[in-house]
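Undergrad: got a structure for you, letters missing:
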């Protein structure tokens, strides 16, 4: 595939833990991504908390983050569930990217959300809260397939490699749908 036809996808991980299941999934997603996509992990743990007073002279971390999101063709957000919602670090990233007013880097950007959790319901609450925030900032969130991955602690070996063939098949199915979704917005 011609390099110009490849879609650049910014991947945001909502967990900061070193042994994060979300980060492990992001790495697996990079490995399993189709040739039509270049996935790049965009770090969000270093973003200072959003404070409108700083918009006049924004921290360099905000500027670099906003530039990376603005340049991406699409977004993949992978979130844990904390108290039936997404993580504070993910919400902060949404806030940082949505400001200053009228410079929202999320606007008209096609996106997909995946939640995973060691629990049985796979971060359902976090997934939907994150979708709400993305819709509010005018991101074009893929409706289907919804990806709530439960019992995530059983999916990876000690090296972070995916051990579940059915999950690998599900990821390939997800990418086929995401590729079609992205194609609706690409010229």
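TA: Structure received. Because the structure is predicted, anything quoted here is derived from the model rather than measured.
Undergrad: quick check: end-to-end length of stretch 63-77?
TA: Distance between the boundary residues of stretch 63-77 (Cα to Cα, to the nearest Å) amounts to 19 Å.
Undergrad: so that it lines up with my notes, have the first residue be 292 from now on.
TA: Shifting the count to begin at 292 puts that one at stretch 354-368.
Undergrad: mind listing what's buried along it?
TA: Buried residues in stretch 354-368, counted by 16 or more other Cβ atoms under 10 Å: 356, 357, 359, 360, 363, 364, 365, 366, 367, 368. No exception for glycine: its C-beta is placed from N, CA and C like everyone else's.
Undergrad: from those residues, which two are the most distant?
TA: Taking every pair in the buried residues of stretch 354-368 and measuring Cβ to Cβ, the maximum separation is 17.6 Å, between 357 and 367.
Undergrad: just checking the distance from the lengthiest helix in the chain to the centre of its chain.
TA: In the chain, taking DSSP state H as the definition, the longest helix is helix 456-474. Centroid separation for helix 456-474 versus its chain: 14 Å, with Cα atoms, centre = their mean, to the nearest Å.
Undergrad: helices or strands up against the helix or strand of the chain with the lowest mean pLDDT?
TA: Least confident element among the helices and strands of the chain, by mean pLDDT, DSSP states H and E: strand 438-440 (a mean of 94). The criterion is 3 or more Cβ pairs under 8 Å, 6 or more residues apart in numbering; DSSP states H and E, and the helices and strands that strand 438-440 contacts are strand 401-407, helix 415-427, helix 456-474.
Undergrad: can you list the residues that contact that strand?
TA: 316, 403-408, 412-415, 418, 446, 458, 461, 465 (Cβ atoms under 8 Å, 6 or more residues apart in numbering).
Undergrad: ok, of the residues you listed, which come out buried?
TA: Using 16+ other Cβ under 10 Å as the burial test, these include 316, 403-408, 413-415, 418, 446, 458, 465 as buried.
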